[in-house]
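S.K.: turn this into a model:
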Amino acid sequence: MSKAIEIIDFSYKYPDGTAALAEINLEIQYGEKVALIGPNGAGKSTLLLAMAGFVRGSGSVIIAGLQVGRESMAKIRTQIGCCLEDPDDQLFMPTLFDDVAFGPLNMGLDAERVKVCVASALQTVGLEQMGDKAPHHLSAGQKRAAAIATILSMSPEIITLDEPDGSLDPKNRKNLVKLLIGLSQTLVIATCNMDFAATVASRVVLMDAGRIVADGSSERVMSNLKLMTEHDLEVPRRFA
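M.R.: Okay, the predicted model is just below:
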């Protein structure tokens, strides 16, 4: 497998000088499903922002073979799609169809091609009958699926998701797990839900205080009671 994401000695400080990420080194191959785990404030969300070029620091972030920088961002954002923690931040058009079509239209696709992209994305997330619905009328689970559809319609090879299971009830969380497992794209998922991480991701990267402290298979890392306890995390039920 080739590298979808390569991060080399990356560090980032907040505007007030507080260190957010320190000496991050990480490689993610195409097709991998990777969960970023760690306590609140570990740097998980900031690392996702760095992958998308929304925060810049020292070191290198390379996406699909392109180093993140001003000249490369237009191309990089055709390769990586970002699902934000709150799906309402991605759903702002009058209808769900309009929201899912927004990205392809801005990529310059013609109307007929846009319709095909939207139909495919909505079908993938199970909302093919919802295109005419106002996004604010969707349930929490449907909104999460809709936000993912807005990314899928642009056909990125890499998708990042920030706490995608937040506020979902067990039924909708189960539906989301099924959806994510079924996607062929490279997935990088930041989550505080250890059971969710263990179910969706085959690999986990444990972060704390802006650093990577463990990286390996979900079972190897998350079944380590001493390691998980040291970083205020619970061992998932399947590994307990």
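S.K.: show me the shaky parts of this structure.
M.R.: For the chain, the stretches flagged by pLDDT under 70 are 1.
S.K.: where exactly do the strands run in it?
M.R.: When secondary structure is read from DSSP state E, the chain shows strands at 3-13, 19-29, 33-37, 58-63, 66-67, 80-83, 158-162, 186-190, 203-208, 211-217.
S.K.: quick one: strands adjacent to the shortest one?
M.R.: Sheet partners assigned to strand 66-67 using DSSP bridges are listed as strand 58-63 (antiparallel).
S.K.: quick check: buried residues in the strand it pairs with?
M.R.: By neighbour count on 16 or more other Cβ atoms under 10 Å, the buried set for strand 58-63 is V61, I62, I63. Any C-beta I mention is one placed from the backbone N, CA and C, and that applies to glycine too.
S.K.: for the second one, what are its contacts?
M.R.: Residues in contact with I62, defined by Cβ atoms under 8 Å, 6 or more residues apart in numbering, are K3, I5, E6, I7, I8, V68.
S.K.: so the last one makes contact with V55?
M.R.: No: with contacts counted by Cβ atoms under 8 Å, V68 stays clear of V55, the gap being 9.8 Å.
S.K.: what's the domain layout of the protein?
M.R.: 1-79+159-240, 86-155 (automatic domain parsing).
S.K.: end to end on the shortest one, go ahead and measure it.
M.R.: Right, domain 86-155. 21 Å (Cα to Cα, to the nearest Å).
S.K.: what do you get for stretch 127-146?
M.R.: 7 Å.
S.K.: swap in stretch 123-142?
M.R.: Taking Cα to Cα as the measure, stretch 123-142 stretches 13 Å from start to finish.
S.K.: how about that stretch: buried residues?
M.R.: T124, V125, L127, M130, G131, P135, L138, G141, Q142.
S.K.: contacts for that stretch, please.
M.R.: 88, 91-97, 99-100, 118-119, 122, 143, 145-146, 148-149, 152, 167-169, 171-173, 175-176, 179, 183.
S.K.: same thing with stretch 107-120?
M.R.: T78, F97, V100, A101, P104, L105, E128, G131, L152, S153, M154, S155.
S.K.: and it, C-alpha only, in CSV?
M.R.: Provided in CSV are the C-alpha atoms of stretch 107-120 (Å, rounded to 0.1, in the frame of the first residue of the first chain):
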residue,chain,number,x,y,z
MET,A,107,-15.4,21.6,-8.5
GLY,A,108,-16.8,22.7,-11.8
LEU,A,109,-18.7,19.6,-12.7
ASP,A,110,-21.7,20.0,-15.1
ALA,A,111,-25.2,19.6,-13.9
GLU,A,112,-25.8,16.1,-15.1
ARG,A,113,-22.6,14.9,-13.5
VAL,A,114,-23.5,16.6,-10.3
LYS,A,115,-26.8,14.7,-10.2
VAL,A,116,-25.0,11.4,-10.6
CYS,A,117,-22.5,12.3,-7.8
VAL,A,118,-25.3,13.4,-5.5
ALA,A,119,-27.5,10.3,-6.2
SER,A,120,-24.5,8.0,-5.5
